[in-house]
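**Q** Got a sequence here, can you build the structure:
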Amino acid sequence: MKKNPKRRKDKYNPYTIICENKYLIKFKDINNKNNVIEVSKEIYQAFNEFELSDLSQMNKFDRHIEHLNLSENILNDKMINKQINIEDIVMKKLETQELHNLISKLPKIQKRRIIMYFFDEMTLKEIAKKEHCSIRAIQYTINIALKNLKHIL
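**A** I've put the predicted structure just below:
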């Protein structure tokens, strides 16, 4: 016999059931003293069924509260703070490396302007001022660079 998997506890479930060589129930009494009592298999199974149904109820309650509290702010927060699995991280890193390799194959001016616009987050006006040319020229160069990147991909 083995110990049950760890289950969620709440204030209404102050005991732990253990299935080793015997069926045991472990709890703290009113004086905060640990107690362990041996019970029959039927009582153990009744406690086990109660814990499982209690867990089911807690999960339903959590889902209900979660849906009840959905607002635009909470949805935005969940979207921003969503968990990312390791495969997504690796794929994103590979795509970023591939993109940097492709950008490095662009002509010097296109590469420089793409980097300033997308990675340094400069505006077309800021790039034009820095490069001493018109905004239209910067826009044209960036559009051509994007077409080249799409063609390479």
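**Q** C-alpha from now on. contacts and neighbour counts both.
**A** Fine.
**Q** which stretches of this structure form strands?
**A** Remark: strands assigned in the chain by DSSP state E are 15-19, 23-28, 34-39.
**Q** May I have the second one exported as CSV, CA atoms only?
**A** Looking back up the chat, that one is strand 23-28. Provided in CSV are the C-alpha atoms of strand 23-28 (Å, rounded to 0.1, in the frame of the first residue of the first chain):
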residue,chain,number,x,y,z
TYR,A,23,-5.2,2.7,6.8
LEU,A,24,-4.4,5.8,8.7
ILE,A,25,-5.9,9.2,9.2
LYS,A,26,-3.7,12.0,10.5
PHE,A,27,-5.0,15.2,11.9
LYS,A,28,-4.4,17.9,14.5
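**Q** Can you list the strands that it pairs with?
**A** strand 15-19 (antiparallel), strand 34-39 (antiparallel) (DSSP bridges).
**Q** Name the stretch among the ones you listed that sits most buried.
**A** strand 15-19 (a mean of 19; mean count of other CA atoms under 10 Å).
**Q** From the chain's centroid, how far away is that strand?
**A** 33 Å (CA atoms, centre = their mean, to the nearest Å).
**Q** go on, stretch 86-97?
**A** Its chain's C-alpha centre and that of stretch 86-97 lie 15 Å apart, by CA atoms, centre = their mean.
**Q** That stretch - what's its average pLDDT?
**A** Averaged over stretch 86-97, pLDDT sits at 84.
**Q** which helices and strands sit right next to the helix or strand bottoming out on mean pLDDT in the chain?
**A** Lowest by mean pLDDT, DSSP states H and E among the helices and strands of the chain is helix 72-80, with a mean of 72. Where contact means 3 or more CA pairs under 8 Å, 6 or more residues apart in numbering; DSSP states H and E, helix 72-80 is not packed against any helix or strand.
**Q** any idea how far Lys92 is from Asn76?
**A** 22 Å (CA to CA, to the nearest Å).
**Q** circling back to that earlier point, looking at the strands of the chain, which is closest to Ile152?
**A** strand 15-19 (62.0 Å; CA to CA).
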